[in-house]
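Undergrad: could you work out the structure for the sequence below:
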Amino acid sequence: MELKTYWQILKKRGWIILVAALITGVAAFGFSRFQETIYRAQILVSVRPARADFGLTASTKDLLRNFQTNLLTHRMAQKVIDRAQLDMNTYELLSEVEVNPEPDRFIIEIVAKDPDPQTAVTIVQTMAQIFVDEQEAWNQKQDKRDRIDVWIVDDARDAPQWRPNPKLNLVAGLILGALIGAFIVFLLEWLASRYIRTADDMERFGIRVLGAIPSAKSARRKAQKAAS
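TA: Predicted coordinates:
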């Protein structure tokens, strides 16, 4: 299909794409207004071997996954609830928490998402502190050369809004709507291609056109020119 044909299709049916994009964009933006506001708090915990030994360094990287598992247990969740005096059960707390180990940086990221920003901050700060306290207690039983030092990189200070994101939803809605509109245009053109309406349609099917009856508008235009 030539570019000229695409341009003609856009001029003829492009409004469908615009309307579909506008409808879905406005709907997505409006939906964002009814979503519950969720805040996201984050804290980083550094995990580093006591000495620069290849074997100990490799073991520390492997332990990050184990630390992740221990942090996401009901035992740890209950300790966080008890120390921070949170009004929730362990299932609720664990549903709000993420623990992401980053072996390349020797970092464990603890994330909490909650409708209350202060609660999210409290969860990550308390969990990180309990983890540090337990690791320090474990280190006291180890040789100094075999210890794995753990500390909080920086305290959790705030919890920015994580959801909803009206602008992002608006853009996503516009894109989705444009795709839907383009599909509708394609479907309409495919259906229209099954019918013969013009001389060009005849030639497209390999039928030679010897003559054509002029349309009423064309005949009227010619009559007006002849009369003038």
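
Undergrad: which parts of the helix or strand where residue 23 lies are buried?
TA: Counting by DSSP states H and E, the element that carries residue 23 is helix 3-34. Neighbour-count burial for helix 3-34 flags 9, 13, 16, 17, 20, 21, 24, 25, 28, 29, 32 (criterion: 16 or more other Cβ atoms under 10 Å). Bear in mind the C-beta positions are built from the backbone N, C-alpha and C, glycine included.

Undergrad: the third one and residue 29, how far apart?
TA: By that I understand residue 16. Residue 16 is 21 Å from residue 29, where distance means Cβ to Cβ, to the nearest Å.

Undergrad: the fourth one too?
TA: Residue 17 sits 18 Å away from residue 29, taking Cβ to Cβ as the criterion.

Undergrad: please parse this structure into its domains.
TA: Here the domain assignment for the chain is 38-163, 199-228, based on automatic domain parsing.

Undergrad: next, format the ones you listed as a markdown table and append mean neighbour count and distance to residue 189.
TA: A markdown table is the format used below for the domains of the chain (neighbours: other Cβ atoms under 10 Å; distance: least, Cβ to Cβ, whole Å):
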| stretch | mean neighbour count | distance to residue 189 |
| --- | --- | --- |
| domain 38-163 | 16 | 39 |
| domain 199-228 | 9 | 12 |
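
Undergrad: the spatially most central residue of the chain and residue 174, how far apart?
TA: By Cα atoms, centre = their mean, the chain has its centre lying nearest to residue 168, at 8.9 Å. Separation of residue 168 from residue 174 (Cβ to Cβ) stands at 11 Å.
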